[in-house]
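Have a look at this prediction, sequence included:
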Amino acid sequence: MRDADAEAVIGLWHAAGVSRPWNDPRKDLALARRGAHAAVLVAEAEGRILATCMVGEDGHRGWVYYVAVDPGCRGQGYGRAIMAAAERWLVARGVWKMQLLVRADNAAVQDFYAHLGFGESRTVCLQKWIGEEEPGSD
């Protein structure tokens with residue numbers, strides 16, 4: 001992603017339904033782009049961003065977030081392409097495990113990831129809001 005892509009990326013996140021009111025997308029973009037351990041990947045055609053994926057690694061696991069495809073372009077392979085790009089990004093850094101979080105009620109997305117080879121990890125994800133009051137239930 002380029003600096004000039006920020007508004008288009010954020011617009012896509014909203015259109016695709018992956019953003020939440022309590023998460024500041026500008027802050028998330030800045031954090032992901034500030035170092036070598038994360039990146040925001042985009043798929044673009046004719047000057048238009050059609051898919052995104054935020055990818056990062058913690059030295060042991062790779063994680064993907066904000067995987068989004070333009071709602072008008074779904075079913076055309078952009079989701080598979082952006083996930084393949086994230087996987088290549090992680091493999092190039094020596095990471096051998098890729099993880100993501102999906103809301104329990106999002107069955108359609110769970111099916112998409114199952115077709116890409118993802119399976120439930122039989123773990124429990126715990127979270128704690130630090131540095132500020134808990135703004136939502138993400």
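Everything's here; your move. Numbers count the residues shown, from 1 in each chain.

S19 reaches L12, doesn't it?
No: the criterion here is Cβ atoms under 8 Å, and S19 misses it with L12 at 9.4 Å. For the C-beta atoms, the positions are set from N, CA and C on the backbone; glycine is no exception.

If you count neighbours, what's buried in the helix or strand that contains V91?
Taking DSSP states H and E as the criterion, V91 maps to helix 78-92. Using 16 or more other Cβ atoms under 10 Å as the test for burial, helix 78-92 gives 78-79, 81-83, 85-87, 89-90.

Give me the sheet partners of the first helix or strand past it going along the chain and which way each runs.
Sequence-wise, the next helix or strand downstream of helix 78-92 (DSSP H and E) is strand 98-100. Taking DSSP bridges as the criterion, strand 98-100 sits next to strand 62-69 (parallel) in its sheet.

Return the strand it pairs with as CSV; C-alpha atoms alone will do.
The C-alpha coordinates for strand 62-69 follow below in CSV (Å, rounded to 0.1, in the frame of the first residue of the first chain):
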residue,chain,number,x,y,z
GLY,A,62,1.8,-14.8,11.3
TRP,A,63,-1.6,-13.0,11.5
VAL,A,64,-3.9,-11.5,9.0
TYR,A,65,-6.5,-8.8,9.6
TYR,A,66,-8.7,-6.5,7.6
VAL,A,67,-9.1,-9.0,4.8
ALA,A,68,-11.5,-7.2,2.5
VAL,A,69,-12.8,-7.5,-1.0
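
ok, and what's touching it?
By Cβ atoms under 8 Å, 6 or more residues apart in numbering, the residues outside strand 62-69 that reach it are 12-13, 15-16, 18-19, 28, 40, 50-57, 78-79, 82-83, 86, 90, 93, 95, 97-101.

again, but for stretch 39-59
1, 5, 8-9, 12-13, 28-29, 32-33, 37-38, 62-70, 73, 78-79, 81-83, 85-86, 89-90, 93, 95.

max-length strand in this protein?
Counting by DSSP state E, the longest strand found in the chain is strand 48-57.

If we go by neighbour counts, what in it is buried?
Across strand 48-57, burial judged by 16+ other Cβ under 10 Å covers 49-57.
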